[in-house]
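Novice: the following comprises the amino acid sequence and a computationally predicted model.
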Amino acid sequence: MKIVVIGGTGLIGTKLVGALTEHGHEAVPAAPSTGVNTLTGEGLADVLQGADVVIDVANSPSFEAGPVMEFFKTSTGNVLAAEDAAGVRHHVGISIVGTERMPDNAYFAAKIAQEELIKGSGVPYSLVHATQFFEFVPAIADEGTWDDGKVHIAPVAWAPIAGEDVAKNLGQVAVGAPLNARVDICGPDEFRMDEFFRKVLAAHGDHREVISDEHARYFGSELSERSLVPIGDATKGERHYDEWYAAQAGK
């Protein structure tokens, strides 16, 4: 099966390409560095020739409201049009658990707009909503650090997932029949978000104090109890954070 991975040179894309190749598929990474520009459409027709499935894990270089919306609308629109022309019969997209619960978040709003394009395209699709990746923990801590040098984190539910598990689930969905629906995936453990960051930063030798703050914003949005975790059925990843971190430290 020929599977084109849009954003195939990024964090999740590289894991996807490797895993799919190991399972005998022709996994083709598509990114500016491989001659494919989804914003201009350059290279899309060529890379999609003969493709059975497209997995789009490309991300916007900016999280600002205007640029992020423009990126996802333009990039996704070009990919979907090229898929239709090439006869691709399965589009797999990635999004974030909780997007619909925080429409005031510019990034989440752009992902919602992207999903609406996918749903309305006529191309059979599957959507995978993932919780936050283990790999993003340092960036989230930095985002929550105020001028006082303390990390302000909301005391809400939190179930992060390893990037490897995200790639595994995307790959499994991609080689199956289109769902024309979404599935949620999350890590195997649910924590209190503030307690998780307090424990993890201390374990990593980061001496910043973590403040439990119900009004702490997550990339611009206040959180309710289950803003960032699945409500209802979800597929759980296999890797626990402590095991994952130990493996990263040992590389």
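Specialist: In hand now; what should we look at?

Novice: quick one: the strands in this protein?
Specialist: 2-6, 26-30, 53-56, 91-96, 125-130, 151-153, 157-158, 182-186, 191-192, 210-212, 217-218, 221-222, 235-236 (DSSP state E).

Novice: mind exporting the C-alpha coordinates of the third one to CSV?
Specialist: Backbone C-alpha positions of strand 53-56 (Å, rounded to 0.1, in the frame of the first residue of the first chain) are rendered in CSV as follows:
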residue,chain,number,x,y,z
VAL,A,53,-3.9,6.7,1.6
VAL,A,54,-2.7,10.1,2.8
ILE,A,55,-2.0,10.8,6.5
ASP,A,56,-1.7,14.5,7.2
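
Novice: which residues does that strand contact?
Specialist: By C-beta atoms under 8 Å, 6 or more residues apart in numbering, the residues outside strand 53-56 that reach it are 1-7, 16, 48, 76, 79, 83, 88-94, 170-171, 174-175. Backbone N, C-alpha and C define where each C-beta goes, glycine included.

Novice: can you select the buried ones among these for me in PyMOL?
Specialist: For anyone working in PyMOL, the buried entries among those, judged by 16 or more other C-beta atoms under 10 Å, can be selected with:
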select buried, resi 2+3+4+5+6+7+16+48+76+79+83+88+90+91+92+93+94+170+171+174+175
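
Novice: of the strands of the chain, which is nearest residue 69?
Specialist: For residue 69, the closest of the strands of the chain is strand 91-96, at 14.4 Å, according to C-beta to C-beta.

Novice: just give me how far that closest one sits from the chain centre.
Specialist: In terms of C-alpha atoms, centre = their mean, to the nearest Å, the gap separating the centre of strand 91-96 from the centre of its chain is 8 Å.

Novice: mind putting the strands of the chain into JSON lines with mean pLDDT and distance to residue 140?
Specialist: Shown next, in JSON lines, are these (pLDDT from 0 to 100; distance: least, C-beta to C-beta, whole Å):
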{"stretch": "strand 2-6", "mean pLDDT": "98", "distance to residue 140": "25"}
{"stretch": "strand 26-30", "mean pLDDT": "98", "distance to residue 140": "27"}
{"stretch": "strand 53-56", "mean pLDDT": "98", "distance to residue 140": "24"}
{"stretch": "strand 91-96", "mean pLDDT": "97", "distance to residue 140": "13"}
{"stretch": "strand 125-130", "mean pLDDT": "98", "distance to residue 140": "14"}
{"stretch": "strand 151-153", "mean pLDDT": "97", "distance to residue 140": "8"}
{"stretch": "strand 157-158", "mean pLDDT": "98", "distance to residue 140": "10"}
{"stretch": "strand 182-186", "mean pLDDT": "97", "distance to residue 140": "16"}
{"stretch": "strand 191-192", "mean pLDDT": "98", "distance to residue 140": "13"}
{"stretch": "strand 210-212", "mean pLDDT": "97", "distance to residue 140": "12"}
{"stretch": "strand 217-218", "mean pLDDT": "90", "distance to residue 140": "8"}
{"stretch": "strand 221-222", "mean pLDDT": "90", "distance to residue 140": "13"}
{"stretch": "strand 235-236", "mean pLDDT": "97", "distance to residue 140": "20"}
